[in-house]
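*Asks:* Got a predicted structure plus its sequence, pasted below:
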Amino acid sequence: MQIRRTKIIATLGPATDSPEALAAVIKAGADILRINLSHGTAEEQAARAKQVREVARTLKKEVAILADLRGPKIRLEKFGAGPVTLESGDVFTLDASDKAPPGDQSGIGVTYKGLAADVSPGDLLLLDDGLLTMRVTEVSGSKIICEVEAGGLLGDRKGINVKGGGLSLPGIAPHDIEDIPRVAAMGADYLAVSFPRNAEDMNEARRLLREAGSQARLVAKIERTEAITNLEEIITASDAVLIARGDLGVEIGDAALPGLQKRITEKSLAQNRVVITATQMMQSMVESPIPTRAEVLDVANSVFDGTDAVMLSAETAVGRHPGAVVEAMNRICLGAELHAETNLDIDQLRVQFERIDQAIAMAAMFMATHVSVQAIVALTESGSTAKWLSRVRSSVPIFALSPLLESRRRMALYRGVYPVAQDFPGTDVEVAMAEGVQLLVQQGYIKVGDRIILTMGENTGNEGGTNNLRLVELGQGGYSDYHPSQNTD
């Protein structure tokens with residue numbers, strides 16, 4: 001039985017607010033549910049997080065929650081009489097003052113009051129993800145006078161980007177500081193930091209999150225030009241990296257985006273960080289019941305590049321077919337994985353063995369790429385061993401046995417890792433492993449005659465204590481009746 005290795009993130013929204021719709025998304029294969037703090041009220045977001053836990057518990061499936069901060073995105077204020085239509089050549093003024101009037105055909109206020117100091121005549125502004133563009137012709141006090149180059153319909157709260165970047169916005173906005181304690185209260189497993197500029201932004205978010213009492217892991221969303229300049233330090237300061245192709249593509253231009261996506265993926269994997277590929281992966285399925293061939297290839301190519309997870313945004317949040325789009329993405333990932341290169345030479349990896357459990361994990365994956373095995377079974381408290389195991393691309397499934405619910409939810413994001421609830425009886429690792437293997441046999445994941453790799457610590461209950469590696473064949477009596485494999489074909 002083929003088990004999907006690439007994980008799927010689905011964004012929650014009005015289309016998934018009913019328990020039935022949410023259950024359909026989880027059943028279809030969503031591993032992580034994203035709550036976008038840019039949309040909805042605090043009460044709605046908390047209710048969605050609560051419902052995720054309730055539905056997942058009913059379905060007996062471990063899923064993680066990813067809370068996504070709003071970040072310092074620049075937006076238009078509101079128009080007084082509804083959206084306006086701009087034509088090429090129109091003069092349009094952006095007002096960065098504190099008391100800008102409601103928007104009209106001639107101009108509108110902006111949320112970022114420092115915008116006038118950050119732009120100069122000649123700068124190209126891109127509105128609504130680049131659907132409209134205007135060139136700055138003059139800056140007068142707080143007013144930015146522009147000439148429309150590509151017009152169209154412009155509505156409330158649309159985003160603004162500057163081509164090439166250069167804005168001095170801090171990575172953690174005041175509203176993010178208010179939101180982080182709410183993220184901790186909802187029990188999110190991951191926190192996505194929007195528009196970070198450098199490592200300091202990620203460190204600040206981590207500090208605020210820990211002060212709020214949360215141990216959630218941090219995801220850096222790469223979506224501004226400044227982040228590319230400081231890419232490696234941002235990766236180092238993060239637990240995972242999300243390639244946010246929407247705003248990033250607007251700022252750097254569409255022609256540069258494909259190569260940059262590959263570069264971010266490669267540099268993240270080189271630092272053993274989890275990688276998420278996002279934005280418009282199945283955009284046509286907001287309306288259509290089937291994806292375009294271009295979307296199929298986009299998802300598949302991300303799998304070939306080694307991404308840990310692929311993400312759906314509007315497709316599940318407001319789309320007409322949230323369950324069907326997850327089913328389609330699941331199908332595409334499975335198809336791509338049949339052809340993806342998995343048995344890589346581990347000698348090519350630039351791995352620094354900084355911890356014993358990491359060295360054990362790398363040794364296990366070296367064995368898995370050179371010896372025919374059917375599964376890897378990891379006894380893990382924190383899930384760190386499972387994370388190290390997942391850093392090497394392999395077709396061998398990794399079953400991570402953990403008694404900690406938080407660890408199992410976190411592992412839902414790791415490529416090729418399948419978390420399994422397993423209580424460790426006392427500190428007897430042999431008993432714990434025997435019971436865990438028997439559980440996997442009962443669930444049909446492994447069977448008598450399978451050759452499996454086992455990783456564990458000498459004593460259970462110690463985080464990061466994995467220091468033991470075994471290659472065994474499963475006998476009729478389960479783990480208690482194994483013998484070390486002599487056949488290395």
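*Replies:* Good, I have the coordinates.
*Asks:* Based on its surroundings, how many neighbours for the closest residue to Asp239 other than its chain neighbours?
*Replies:* Closest residue in space to Asp239, ignoring its immediate chain neighbours: Arg217 at 3.9 Å, by C-beta to C-beta, 6 or more residues apart in numbering. The C-beta positions use only the backbone N, C-alpha and C, and glycine is treated the same way. A count of neighbours around Arg217, defined by other C-beta atoms under 10 Å, yields 21.
*Asks:* residues contacting Arg217?
*Replies:* By C-beta atoms under 8 Å, 6 or more residues apart in numbering, the contact set of Arg217 is 189-191, 239-240, 410.
*Asks:* any idea how far Leu474 is from it?
*Replies:* Distance, Arg217 to Leu474, using C-beta to C-beta, to the nearest Å: 33 Å.
*Asks:* center of the protein, which residue is that?
*Replies:* Geometric centre of the chain, nearest residue: Ile276, 4.3 Å, by C-alpha atoms, centre = their mean.
*Asks:* what bridges to it?
*Replies:* Leu242, Ala309 (DSSP bridges).
*Asks:* Show the pLDDT at it.
*Replies:* Ile276 is assigned 98 on the pLDDT scale.
*Asks:* Give me the subset of the contacts of Arg217 that lies in helices.
*Replies:* Among these, DSSP state H puts Arg410 in helices.
*Asks:* ok, back up a step: tell me how far the residue nearest to Asp239 lies from Val441.
*Replies:* 31 Å.
*Asks:* Tell me how far the residue nearest to the centre of the chain lies from Ala314.
*Replies:* Taking C-beta to C-beta, one finds Ile276 at 16 Å from Ala314.
*Asks:* what's the neighbour count on Asp123?
*Replies:* 18.
*Asks:* and it, how far is that from Gly164?
*Replies:* 8 Å.
*Asks:* do Val396 as well
*Replies:* Val396 is 44 Å from Gly164, where distance means C-beta to C-beta.
*Asks:* buried set for the longest helix along the chain?
*Replies:* Ranked by residue count under DSSP H, the longest helix found in the chain is helix 42-59. Within helix 42-59, the residues that qualify as buried are 45, 48-49, 51-52, 55-56, counting by 16 or more other C-beta atoms under 10 Å.
*Asks:* and after that helix, which helix or strand comes next?
*Replies:* Once helix 42-59 ends, the next helix or strand along the chain (criterion: DSSP states H and E) is strand 64-68.
*Asks:* Compute the inter-axis angle for that following strand and helix 42-59.
*Replies:* Counting by axes from the mean of the first three to the mean of the last three C-alpha atoms, to 10 degrees, strand 64-68 lies at 160 degrees to helix 42-59.
*Asks:* one step back: would you turn the contacts of Arg217 into TSV with distance to Ala340?
*Replies:* Shown next, in TSV, are those (distance: C-beta to C-beta, whole Å):
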residue	distance to Ala340
Asp189	26
Tyr190	24
Leu191	29
Asp239	24
Ala240	20
Arg410	24
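*Asks:* Spatially, which two of the contacts of Arg217 are the most separated?
*Replies:* Greatest spacing in the contacts of Arg217, by C-beta to C-beta: Leu191 and Arg410 (12.0 Å).
*Asks:* Now tell me what touches the helix or strand hosting Leu389 from outside.
*Replies:* In this structure, Leu389 sits in helix 384-390 according to DSSP H and E. Contacts with helix 384-390, where a contact means C-beta under 8 Å, 6+ apart, come from 272, 274, 308, 355, 357-358, 360-362, 364-365, 376, 378, 380, 398, 400, 411, 414-417, 419, 455, 463-464, 466.
*Asks:* tell me the domain boundaries of this structure?
*Replies:* Domain segmentation of the chain under automatic domain parsing yields 7-71+171-337, 74-162, 346-484.
*Asks:* Now find how far off-centre the last one is within its chain.
*Replies:* In terms of C-alpha atoms, centre = their mean, to the nearest Å, the centre of domain 346-484 is set 24 Å apart from its chain centre.
*Asks:* next one: the first one
*Replies:* In this view, domain 7-71+171-337 has its centroid 4 Å away from the chain centroid, taken as C-alpha atoms, centre = their mean.
*Asks:* and what of the second one?
*Replies:* Here the centre of domain 74-162 is set off from its chain's centre by 31 Å, with C-alpha atoms, centre = their mean.
*Asks:* Quote the end-to-end distance of that domain.
*Replies:* End-to-end distance for domain 74-162, by C-alpha to C-alpha, to the nearest Å: 10 Å.
*Asks:* cool, and stretch 113-127?
*Replies:* Stretch 113-127 stretches 17 Å from its first residue to its last (C-alpha to C-alpha).
*Asks:* Find me the pLDDT at the closest residue to Ala116 other than its chain neighbours, would you?
*Replies:* Closest residue to Ala116 in three dimensions, ignoring its sequence neighbours and counting by C-beta to C-beta, 6+ apart: Ala96, at 4.6 Å. Ala96 is assigned 95 on the pLDDT scale.
*Asks:* Quick check: Ala96 touching Gly114?
*Replies:* Yes - with contact defined as C-beta atoms under 8 Å, Ala96 reaches Gly114; the gap is 7.1 Å.
*Asks:* got a list of contacts for stretch 195-210?
*Replies:* By C-beta under 8 Å, 6+ apart, the surrounding residues in contact with stretch 195-210 are 69, 71-73, 169-172, 176-177, 180, 183-184, 191, 193, 216, 218, 220-221, 223-224, 226-227, 230, 233-234, 236-238, 247.
*Asks:* Can you select the buried ones among these for me in ChimeraX?
*Replies:* Applying 16+ other C-beta under 10 Å to the contacts of stretch 195-210 leaves a buried subset, and the ChimeraX line that selects it is:
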select :69,71,72,73,169,171,172,176,180,183,184,191,193,216,218,220,221,223,224,226,227,230,234,237,238,247
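*Asks:* from the contacts of stretch 195-210, which ones fall inside helices?
*Replies:* 176-177, 180, 183-184, 226-227, 233-234, 236, 247.
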